[in-house]
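>>> what's the 3D shape of this:
(chains A, B and C)
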Amino acid sequence: MPVDMPVKQSVAGLLLDWYDGHARSLPWRTPPGAAARPDPYRVWLSEIMLQQTTVAAVGPYFAKFTGRWPTVKALAAADEAELMAAWAGLGYYARARNLIACARSVVRDHGGIFPATEAGLRALPGVGAYTAAAVAAIAFGERAVVVDANVERVVSRLFAIPDPLPGSRPRIRAHADTITPDVRAGDFAQAMMDLGATVCTARNPRCLLCPLADPCAARAEGAPDRYPVKPAKKVRPHRRGIAYWLEADGAVLLVRRPDKGMLGGMRALPGGDWADIAEAAPPVAAAWHMIGTVEHVFTHFSLSLDIHAVRLPGRPAADAVAAEWWPVALIEEAGLPTLYAHAAALGRAFSEVTPA
DNA sequence: TATCCGTGGTG
DNA sequence: TCACCAAGGAT
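Prediction:
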C-alpha cells in the first residue's frame, strides 16, 4: 500500500515504505495498511507482556492468555492466583498484578471498553507513558509520540544525540515528535520498533539494509553503535539465601510471597527474603539435608540459594502465613517463578531417592 | 531523578 | 563466557 501523500519522502515516508515490505507478522498485529484496527484488548495485553521482554518470550504466553481469557471481561473475572501462576516465568510480576487491576478498572469504570485516548489509557494501572502512546496509536489510530528503547536507539542515531541516557530523553522525545506523521500512527510506531529490533540493533546495526541510512547522522559519523550514549554500569552485588523443600504425604509446602518486593505475589518455597541468611529459619524443626545450590541472576543482584530438604512421614503443623501443601507430582502447575522452579527440580530429585 | 523489579538470548 | 540487552512502570 502506498504511503499517504502528506508524509512524502520524509523520514516517516521512508520508514513506512520499508514497513510495507518488511513488517514482522506477529499474533497481536494486523498487516501494514490494514483497514481494520486490531482488538484493543489484544494490543494492550501484548504491550504489557512486551515491557522489557522479547517477542520470542512473549509468544507462548500471549497464546495462553488469549486462549484462556479471550476478552477484557473474561480477564477481569479471572481467579487472581490462577492468573499469577499463568504469568510465572515471564518475570516482572508486578505487571501481572496490574494486569488484573487494569482489566477490572476497564470493566468497572469504563463499561468494559478501553479508553480510546492516550490520556485515558495513561490513567490505567500498569500503563505508563510508553504503553498509553502505543495502544492509542496502534489500537485507535491516534497520533501519539511512541518512545520505547527501540525508538530511543533509532532517534539517538538518526540525530547523533551526544548526551547520555537518561538525561537525553527529553531531546529524544522532541526529535521523535518531529518525525511522527499525522497518518498511519500505529504503523509508524510499529515500524520504528521493527527497525530497531531487526536493523538498527544495539550491536552490529545493519546499516546497509536501513531505509534511514541516508538521513542518519550517526552513520555519517561512521560509528552508529556509539549511540545512544549510556552511563557507566554499576557492579552487581551477590547475595546468599536458603530455601526449604518440606515434603510429606506426597506434597510440598509452598508459601505466597508478599505483594510488594521481589517475586511479589508469587508462590515460593519457604526460606525468607535472602537479605539476612540468619533469619531464614526452617518452617519446622527436622533433620534437614543440604541438597544443592541454585545460582540465579536478577536485574540488580545475583543469588546463591542453598536448598535444604527433608521428607517426613506425616504433615507437621506449619505456621507459615499463607502456606499450602502442593502435590509434588503437580509441582509444574504451581506457577513457581524460575528461581524456585529450579529449586523444585532439586527437591523432586531428592524426593525420588529418599524414603519417607 | 534513582532505584527496584525477572528472565532468557546473544555476540 | 559473561556483560549486555529487551515494546517500562511504580515509587
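>>> For the stretch 201-350 of chain A, which residues are neighbours of DNA strand B?
A:203-204, A:261-264, A:296-300, A:337-339 (C-beta under 7 Å from any atom of the strand). Quick note: C-beta positions are derived from backbone N, CA and C, even for glycine.
>>> Spell out the secondary structure type for whichever residue of the stretch 1-150 of chain A sits closest to DNA strand B.
Closest approach of the stretch 1-150 of chain A to DNA strand B (C-beta to the nearest atom of the strand) occurs at A:Gly91, with a separation of 2.7 Å. At A:Gly91 the chain is in coil, as set by DSSP: H, G, I helix; E, B strand; the rest coil.
>>> mind checking how far it is from A:Arg219?
Going from A:Gly91 to A:Arg219 by C-beta to C-beta, to the nearest Å gives 34 Å.
>>> how near is the residue of the stretch 1-150 of chain A closest to DNA strand B to A:His296?
Going from A:Gly91 to A:His296 by C-beta to C-beta gives 12 Å.
>>> Quick check: neighbours shared by the two?
Between them, A:Gly91 and A:His296 share these contacting residues under C-beta atoms under 8 Å, 6 or more residues apart in numbering: A:Thr338.
>>> Against DNA strand C, which of the residues of the stretch 201-350 of chain A next to DNA strand B make the cut? List them.
A:Arg203, A:Val297, A:Thr299.
>>> List the residues that contact the second one.
It stands for A:Val297. Counting by C-beta under 8 Å, 6+ apart, A:Val297 has contacts A:Arg236, A:Leu303.
>>> Let me know the pLDDT of it.
Listed pLDDT for A:Val297 reads 95.
>>> In chain A, where is pLDDT below threshold?
For chain A, the stretches flagged by pLDDT under 70 are A:1-8, A:275-279, A:318-322.
>>> Give me the domain ranges for it.
Using automatic domain parsing, the domain parsing of chain A gives A:5-226, A:238-353.
>>> ok but A:Gly13 is inside a helix, no?
Yes - when three-state DSSP is applied, A:Gly13 is found to be in a helix.
>>> Does A:Lys73 touch A:Val107 like I think?
Yes - using C-beta atoms under 8 Å as the test, A:Lys73 is close enough to A:Val107 to be in contact (5.7 Å).
>>> Those two: which is more packed in?
Shown here are A:Lys73 and A:Val107; by other C-beta atoms under 10 Å, A:Val107 has more neighbours (18 against 14).
>>> coming back round to it: gap between the residue of the stretch 1-150 of chain A closest to DNA strand B and A:Val252?
Counting by C-beta to C-beta, the gap from A:Gly91 to A:Val252 is 23 Å.
>>> Just want to know which of the two has more residues nearby.
Per other C-beta under 10 Å, whichever of A:Gly91 and A:Val252 has more neighbours is A:Val252, with 25 against 17.
>>> so what does the helix or strand harbouring that one touch, helix or strand wise?
A:Val252 belongs to strand A:251-256 when assigned by DSSP states H and E. In terms of contact count using 3 or more C-beta pairs under 8 Å, 6 or more residues apart in numbering; DSSP states H and E, strand A:251-256 is assigned the packing partners strand A:238-248, strand A:267-268, strand A:324-327.
>>> and the longest one, what does it pack onto?
The elements that strand A:238-248 packs onto, with contact taken as 3+ C-beta pairs under 8 Å, 6+ apart, are strand A:251-256, strand A:302-312, helix A:338-353.
>>> That one: which residues count as buried?
For strand A:238-248, the buried set under the neighbour-count rule, 16 or more other C-beta atoms under 10 Å, comprises A:Arg239, A:Gly241, A:Ile242, A:Ala243, A:Tyr244, A:Trp245, A:Leu246, A:Glu247, A:Ala248.
>>> Reformat those residues as TSV; add distance to DNA strand C.
Output for those, formatted as TSV (distance: C-beta to the nearest atom of the strand, whole Å):
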residue	distance to DNA strand C
A:Arg239	15
A:Gly241	20
A:Ile242	24
A:Ala243	23
A:Tyr244	28
A:Trp245	27
A:Leu246	32
A:Glu247	32
A:Ala248	38
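>>> my guess is A:Pro115 meets A:Leu124, correct?
Yes - counting by C-beta under 8 Å, A:Leu124 is a contact partner of A:Pro115 at 7.3 Å.
>>> quick one: contacts for the residue nearest to A:Pro237 when sequence neighbours are not counted?
Leaving out its chain neighbours, the residue that sits closest to A:Pro237 by C-beta to C-beta, 6 or more residues apart in numbering is A:Phe301, at 4.8 Å. By C-beta under 8 Å, 6+ apart, A:Phe301 lies in contact with A:Arg236, A:Pro237, A:His238, A:Arg239.
>>> who's in contact with the second one?
This points to A:Pro237. Per C-beta under 8 Å, 6+ apart, neighbours of A:Pro237: A:His300, A:Phe301, A:Ser302.
>>> Likewise for A:Leu165?
When contacts are counted by C-beta under 8 Å, 6+ apart, A:Leu165 touches A:Glu152, A:Pro228, A:Val229, A:Lys230, A:Pro231.
>>> can you redo those as TSV with neighbour count, secondary structure and distance to A:Glu47?
Formatted as TSV, these follow (neighbours: other C-beta atoms under 10 Å; DSSP: H, G, I helix; E, B strand; the rest coil; distance: C-beta to C-beta, whole Å):
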residue	neighbour count	secondary structure	distance to A:Glu47
A:Glu152	21	helix	17
A:Pro228	23	coil	22
A:Val229	13	coil	27
A:Lys230	12	coil	24
A:Pro231	9	coil	27
